[in-house]
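Novice: missing the sequence, but the structure's below:
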């Protein structure tokens, strides 16, 4: 992610921390590892882990590649109480995706949950899942394989697509050509941070859009699991975070497909011929819809505390006949507007 997008993600974490502090939650001074006792408020933190020096930027090297490509994982060596706390939470709440990322790139993951280089901020778990996903996806494409094909890590599995650097697909700023005009203002924070900003880089093609959808969906999965877990629900706050970003990127994807079909025929023809890419889009769409269903009880549409803010305008656009038709044209199965008639679109 570029600097603008990193600042955007970090700003969401900062908002979350401020909200929790205002509500009297959270703790800055803790000493023991998290436990999994139902109903107990876990304590967090302790000593600094040794997998990454304080202040250092997270990185991936060739030494990480065998594990990133492996179908199974080895649990990481635990080097401190704060690392144990992160491990405990992820194993209890999100073993299939969040923990699978943590086990593959523990130093990178922990870097994202450190608030000051010496202690962990568990409100940053969502950011850690999201950003570590980017690191894994990038390594799987650029460092750990030689074919240059875009790969995406989701739910403990590596998904290989046919997207290549040589495809020269249209920049994903073409989303703006078909994205609903009325949402460009109301969703301006992400629209400007991603779609508008994408125009400045020739490398932001469909693979980068899918990488963002993948990362946001992984974060939304963690959010849904935390919301529903009575031991760890206190780690959530009211925010338009990963679940909201996931919905935005579902619509961005549809707008990209429509713009490509109408205005960029070479890009669309290449995409139509890429069986594995369409297969991953199907996987990503089904996964995102599952997250929409899981997150609904905690969204603005349903919950008094509405910790997960999802725009009903965005959901309405996603499930409009116009945008669903773009999925149909590529053979992507999906839910219909009627499927959400008693929830988001009632």
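Specialist: Noted; the coordinates are in hand. Computed from a predicted model, the values in this text were never measured in an experiment.
Novice: From here on, just use CA atoms for contacts and neighbour counts.
Specialist: Fine.
Novice: where do the strands sit along the chain?
Specialist: 149-154, 157-164 (DSSP state E).
Novice: May I see the ones you listed organised as CSV, with mean neighbour count added?
Specialist: Below are the strands of the chain laid out as CSV (neighbours: other CA atoms under 10 Å):
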stretch, mean neighbour count
strand 149-154, 24
strand 157-164, 18
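Novice: closest to residue 194 out of those?
Specialist: Each of the strands of the chain has some distance to residue 194 by CA to CA; the shortest is strand 149-154, at 19.1 Å.
Novice: what pairs with that closest one, and is each one parallel or antiparallel?
Specialist: Partners of strand 149-154 in the sheet, by DSSP bridges, are strand 157-164 (antiparallel).
Novice: so how far is the partner strand from its chain's centroid?
Specialist: 17 Å (CA atoms, centre = their mean, to the nearest Å).
Novice: Mind listing residues that contact that strand?
Specialist: Contacting residues not belonging to strand 157-164 are listed as 69, 71, 148-153, 207, 274-277, 279-280 [CA atoms under 8 Å, 6 or more residues apart in numbering].
Novice: I'd like the average pLDDT over it.
Specialist: Confidence for strand 157-164, expressed as mean pLDDT, is 96.
Novice: show me where pLDDT drops low in the stretch 1-150 of the chain?
Specialist: Residue ranges of the stretch 1-150 of the chain with pLDDT under 70: 1-58, 115-118.
Novice: how about the strands of the chain in JSON lines, adding distance to residue 170?
Specialist: Listed next are the strands of the chain as JSON lines, based on distance: least, CA to CA, whole Å:
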{"stretch": "strand 149-154", "distance to residue 170": "15"}
{"stretch": "strand 157-164", "distance to residue 170": "12"}
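Novice: circling back: just the contacts of strand 157-164 now: which is nearest residue 253?
Specialist: For these, the closest approach to residue 253 (CA to CA) belongs to residue 207, at 10.6 Å.
Novice: Give me the pLDDT value at the closest one.
Specialist: 95.
Novice: Pretty sure residue 149 is one of the things it touches, is it not?
Specialist: No. The pair residue 207 and residue 149 fails to qualify as a contact (CA atoms under 8 Å) at a distance of 9.5 Å.
Novice: Taking the contacts of strand 157-164, tell me the two that lie furthest apart.
Specialist: 71 and 274 (23.7 Å).
Novice: Comparing the two, which shows the higher neighbour count?
Specialist: Remark: of residue 71 and residue 274, residue 274 carries more neighbours, 13 against 10, as counted by other CA atoms under 10 Å.
Novice: If we ignore the residues flanking it in sequence, what's nearest the more buried one?
Specialist: residue 162 (5.7 Å; CA to CA, 6 or more residues apart in numbering).
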